[in-house]
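J.: Mind looking at a prediction? Sequence and model below.
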Amino acid sequence: MIRILFFASLRERLGEAETTVAAEPALSTVSAVRAALAARTDGRWAEALSPEERLLVAVNEVMATPDTAVGDGDVVAFFPPVTGG
């Protein structure tokens with residue numbers, strides 16, 4: 001299983017702090033996991049995780065890119081960019 005965490009306003013938009021997906025060859029990168037989540041039947045997923053949304057991603061607490069590999073036992077975290085002020 002791949003554990004997926006959502007932080008800050010993204011968590012609020014989805015109404016969930018985390019979910020899981022089965023680790024499988026089709027979900028071997030961050031972008032594939034994001035696309036699979038966005039394809040969930042509830043429209044809030046497509047809106048919150050659309051490619052237009054500028055989200056940051058970490059895999060196992062290390063900043064990641066869309067091409068970063070993901071596998072069984074990994075933790076993927078999605079969060080919006082943070083600005084200070």
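T.: Done, it's in. Numbers count the residues shown, from 1 in each chain.

J.: Please, where are all the strands along this protein?
T.: Assigned by DSSP state E, the chain shows strands spanning 2-6, 18-21, 56-59, 62-63, 75-79.

J.: Compile those into JSON lines and extend it with columns for distance to Ala39 and mean neighbour count.
T.: The way it works is simple: take the backbone N, C-alpha and C, and place the C-beta from them, glycine included. Output for the strands of the chain, formatted as JSON lines (distance: least, CB to CB, whole Å; neighbours: other CB atoms under 10 Å):
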{"stretch": "strand 2-6", "distance to Ala39": "14", "mean neighbour count": "19"}
{"stretch": "strand 18-21", "distance to Ala39": "11", "mean neighbour count": "13"}
{"stretch": "strand 56-59", "distance to Ala39": "17", "mean neighbour count": "18"}
{"stretch": "strand 62-63", "distance to Ala39": "25", "mean neighbour count": "9"}
{"stretch": "strand 75-79", "distance to Ala39": "15", "mean neighbour count": "19"}
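
J.: Turn the ones you listed into TSV, columns for distance to Glu47 and mean pLDDT.
T.: Putting those into TSV (distance: least, CB to CB, whole Å; pLDDT from 0 to 100) gives the following:
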stretch	distance to Glu47	mean pLDDT
strand 2-6	13	97
strand 18-21	16	95
strand 56-59	17	96
strand 62-63	24	96
strand 75-79	13	96
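
J.: mind putting the ones you listed in JSON lines, distance to Val30 included?
T.: Shown next, in JSON lines, are the strands of the chain (distance: least, CB to CB, whole Å):
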{"stretch": "strand 2-6", "distance to Val30": "10"}
{"stretch": "strand 18-21", "distance to Val30": "12"}
{"stretch": "strand 56-59", "distance to Val30": "5"}
{"stretch": "strand 62-63", "distance to Val30": "11"}
{"stretch": "strand 75-79", "distance to Val30": "7"}
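
J.: Which among these is found nearest to Trp45?
T.: Trp45 lies closest to strand 18-21 among the strands of the chain, at 9.6 Å (CB to CB).

J.: can you map out the helices along the chain?
T.: For the chain, the helices defined by DSSP state H cover 8-14, 30-38, 43-48.
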